[in-house]
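Participant: One predicted model, sequence on top.
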Amino acid sequence: MNKKFLSLWVVDPIKTYAAPARVNLIGEHIDYNGGHVLPCAISLYIKAAVSFNEEKKINLVSEDMKGQISVDLSNTQYDKSYSWASYPIGVIHILREMGYKVDKGLNMLFSSEIPLGSGLSSSAAILVLTTYVLNDLFDLGLSNLEIAKIAIKVEREYCGLSCGIMDQSAIALAQKDKCLYLDCASFEYEYKNAVLEKTKIMILNTKYERKLTDSKYNERVSECQKALSIIKTKYGVDNLCELDPKDLPDIGILLNDDLLYKRVKHCVREEARVKAFVTALDEKDYSLCGKILNESHFSLRDDYEVSGTNLDVITEIARNNPYVYGARMTGAGFGGCAVALVDEEHAYQVKDEVLTKYKERFGYDAEVYLIDTSDGPKVL
Ligand code: GLA
């Protein structure tokens, strides 16, 4: 990276930083419905090498994307043409709008190992990383929780995705060997042990690029809002995940709308699954954990309708292997990655089988990662 940096801006970087990707174990599409989620950061990183410039320019280059983006520090309004660079530019824009003193030009070179559009939160990683970098360089005094909140604000207000709070929190607050048990209604969190006995977390990347994710995502958010507005008063709740699963039949009658009912059913049952999963994890009952993962997938496939053929096939291949406890899609869906719990001793055997069978079915290669958990953003 340093060589490339020098060739671009004829100076060495003053510092290099890194932020991890994340995988969500359970609690999908319920962070924006006031539910609980259980993500952990993983050892795939995006890095940024930085230096100041005298021209008050924000110069951005990515080793993984084409082109160099250059904007004036005083002109950081959203522009579609910025593509990936709208994330770092958005952070600068929002921080300045919030009154933080970010008043020098910057050269930033990014390099990422996080596969894009894969459900491992490459966008949250670049948002958290940029906020972390600016906090350090301009001495803004932000805690990691505040960094997460600013990254969320940028994604929502600048980039236009009505996202929940999971991804940015999972990355900014990450601790190695832990997953984050986050209550998305109150923003309270605790850490759970992610070091499993004789069991590994495996990520299955379908390499099927998500399409329409943002528009479908925003569509789900508004369907949930619509359902909530109908249910709210009668059940005295502020969000869907507060509902009691035993009220579902009556809620179905009240809604009188099959599609909205399916969305609500997913949210209410997924919240119950998260709690059951956390207990099973504490008790090291990985068979039960796996069963819950499978149920989560079926609900995301049939009720929430955010899976897809590739995700359904790859999880089914995994599920049919006797050394896999369970598997489900992870992240926003429509493509990207799944997560599985597998018997450690047979992990490579599982990996080989998934890769072979997936290629037989689709004619191209999937990728499988046996992950390690990671700390949050850091200076290298
Ligand atoms: C995306 C969003 C998150 C969350 C997941 C689905 O990753 O950024 O806030 O809603 O989808 O669980």
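Facilitator: Yep, it's here. Treat the numbers as computed from the prediction; the structure is a model and nothing was measured.

Participant: Could you point out the helix or strand that follows the longest helix seen in the chain?
Facilitator: The residue-count maximum for a helix in the chain (DSSP state H) belongs to helix 258-282. Using DSSP states H and E, the next helix or strand after helix 258-282 towards the C-terminus is helix 286-302.

Participant: State the mean pLDDT of that following helix.
Facilitator: The average of the pLDDT scores along helix 286-302 is 98.

Participant: And K200, how far from the ligand?
Facilitator: As judged by Cβ to the nearest ligand atom, to the nearest Å, K200 and the ligand stand 22 Å apart. (Each C-beta comes from the backbone N, C-alpha and C, glycine too.)

Participant: Check for me that that residue belongs to a strand.
Facilitator: Yes. According to DSSP: H, G, I helix; E, B strand; the rest coil, K200 belongs to a strand.

Participant: I'd like to know the phi and psi angles of the closest residue to L182 other than its chain neighbours, please.
Facilitator: Closest residue in space to L182, ignoring its immediate chain neighbours: Y189 at 4.4 Å, by Cβ to Cβ, 6 or more residues apart in numbering. With angles defined as degrees, to the nearest 10, Y189 sits at phi -150, psi 160.

Participant: and the protein, which residues reach the ligand?
Facilitator: Selection of the chain residues close to the ligand by Cβ under 6 Å from any ligand atom yields 24, 28-29, 31-32, 121, 163-164, 166-167, 331-332.

Participant: Out of those, flag the one nearest to E283.
Facilitator: Distance to E283 across the residues of the chain next to the ligand (Cβ to Cβ) is lowest for N24, with 20.9 Å.

Participant: close enough to count as contact, the residue nearest to L182 and C179?
Facilitator: No. If you go by Cβ atoms under 8 Å, Y189 and C179 don't touch, sitting 10.3 Å apart.

Participant: Compare those two (neighbour count), which wins?
Facilitator: Set Y189 next to C179 and count neighbours by other Cβ atoms under 10 Å: C179 wins out with 26 against 17.

Participant: Name the residues linked to the more buried one by a beta bridge.
Facilitator: Assessed by DSSP bridges, C179 has beta-bridge partners K192.

Participant: list the contacts for it?
Facilitator: C179 makes contact with 25, 38-40, 191-192, 194, 373, according to Cβ atoms under 8 Å, 6 or more residues apart in numbering.
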